[in-house]
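Asker: structure here, sequence nowhere to be found:
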């Protein structure tokens, strides 16, 4: 187990700390602070390597299946991290292309604040395309949420952070994590580890995006819920935001949005209808 502080201390001076990458430079902001984002198990640094801006994923808790998930992007024993002033250890990292943009959460919040329905419709349509592929395929992201989707400068969406991914090779195993609770069905357990993992969060995110495209004020008037519909509150019938979203779909005659939103009341985590609904959206 390693800490964020250990990584920040180590990468303050990267000279001689890599096995195969050679010299790397950690990017800094206008105030000289190291550019990074931290999650539950990993911290991602923006670096320059061989003349390119890259993403260096470093682990505070080492997940299972990294080799199967990341393939050649996983660099075993690549980075030396100081665990004390006098010594340290070599650790695995994942090196990927850096995607320039902002998270879907940030992009949608800004569009809703500006009342930009056209932009919100574009985000909803782009997410539908992503969700249609995810719910129809034999793999799953495992922690689908707006913070794990980057919107680039052309409005295209890119998935990031595949640590909780399901692949067919993992069939029969327990899930290494349960994803972010705010986007997962409350009934999900470690035994739920298959290609259907993204069904519920995809339906939830699509519901919010399409409802916001009809009425951007929904995301402004419910700041506590923001881009999130609390799954427990939805299932138990106590989410006012969810009720307003259903009303928005009904007023606009958006039958597909209404049907997708109704999936969120499911008593179970698997949503077999999700793939067909997203496929219909694309038609």
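Answerer: The structure has been received and is ready for your questions. These numbers were taken from a predicted model, which means no experiment stands behind them. Numbers count the residues shown, from 1 in each chain.
Asker: residue ranges for the strands of the stretch 51-200 of the chain, please.
Answerer: 52-59, 74-84, 87-97, 101-103, 149-152, 157-159 (DSSP state E, counting those that start in this stretch).
Asker: tell me the most buried of those strands?
Answerer: strand 149-152 (a mean of 20; mean count of other CB atoms under 10 Å). C-betas here are computed from N, CA, C, even on glycine.
Asker: in which helix or strand would I find residue 208?
Answerer: helix 199-214 (DSSP states H and E).
Asker: any chance of JSON lines for the strands of the stretch 51-200 of the chain, columns mean pLDDT?
Answerer: Rendered in JSON lines, the data for these read as follows (pLDDT from 0 to 100):
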{"stretch": "strand 52-59", "mean pLDDT": "97"}
{"stretch": "strand 74-84", "mean pLDDT": "95"}
{"stretch": "strand 87-97", "mean pLDDT": "96"}
{"stretch": "strand 101-103", "mean pLDDT": "96"}
{"stretch": "strand 149-152", "mean pLDDT": "97"}
{"stretch": "strand 157-159", "mean pLDDT": "98"}
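Asker: JSON lines for these, including distance to residue 13?
Answerer: Formatted as JSON lines, the strands of the stretch 51-200 of the chain follow (distance: least, CB to CB, whole Å):
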{"stretch": "strand 52-59", "distance to residue 13": "15"}
{"stretch": "strand 74-84", "distance to residue 13": "10"}
{"stretch": "strand 87-97", "distance to residue 13": "13"}
{"stretch": "strand 101-103", "distance to residue 13": "29"}
{"stretch": "strand 149-152", "distance to residue 13": "29"}
{"stretch": "strand 157-159", "distance to residue 13": "31"}
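Asker: so which of the ones you listed is nearest residue 170?
Answerer: strand 74-84 (16.0 Å; CB to CB).
Asker: and the angle for that closest one with strand 52-59?
Answerer: Strand 74-84 and strand 52-59 meet at an angle of 70 degrees, taking axes from the mean of the first three to the mean of the last three CA atoms, to 10 degrees as the criterion.
Asker: what angle do strand 74-84 and strand 87-97 make?
Answerer: 140 degrees.
Asker: how far does strand 74-84 sit from its chain's centre?
Answerer: Put simply, strand 74-84 sits 25 Å off its chain's centre (CA atoms, centre = their mean, to the nearest Å).
Asker: likewise for stretch 51-58?
Answerer: 18 Å.
Asker: before we move on, the earlier item: now the helix holding residue 208, how far from the centre of its chain.
Answerer: 14 Å.
Asker: residues contacting residue 12?
Answerer: 26, 34 (CB atoms under 8 Å, 6 or more residues apart in numbering).
Asker: nope, residue 274 is what I meant
Answerer: Contacts of residue 274 (CB under 8 Å, 6+ apart): 131, 135, 199-200, 202-203, 260, 263.
Asker: buried stuff in stretch 138-148?
Answerer: 139-148 (16 or more other CB atoms under 10 Å).
Asker: for these, which one is nearest residue 176?
Answerer: residue 142 (8.3 Å).
Asker: out of everything not next to it in sequence, what's closest to the closest one?
Answerer: Distances taken as CB to CB, 6 or more residues apart in numbering place residue 164 nearest to residue 142, at 3.2 Å, with adjacent residues excluded.
Asker: any idea how far residue 130 is from residue 71?
Answerer: Remark: distance between residue 71 and residue 130 (CB to CB, to the nearest Å) = 21 Å.
Asker: more neighbours: these two, which one.
Answerer: residue 130 (22 against 9; other CB atoms under 10 Å).
Asker: partner residues bridging the residue found closest to the more buried one once you drop the neighbours it is linked to in the chain?
Answerer: Using CB to CB, 6+ apart and skipping residues adjacent in sequence, the residue nearest residue 130 is residue 157, 5.4 Å away. Beta-bridge pairing for residue 157 (DSSP bridges): residue 151.
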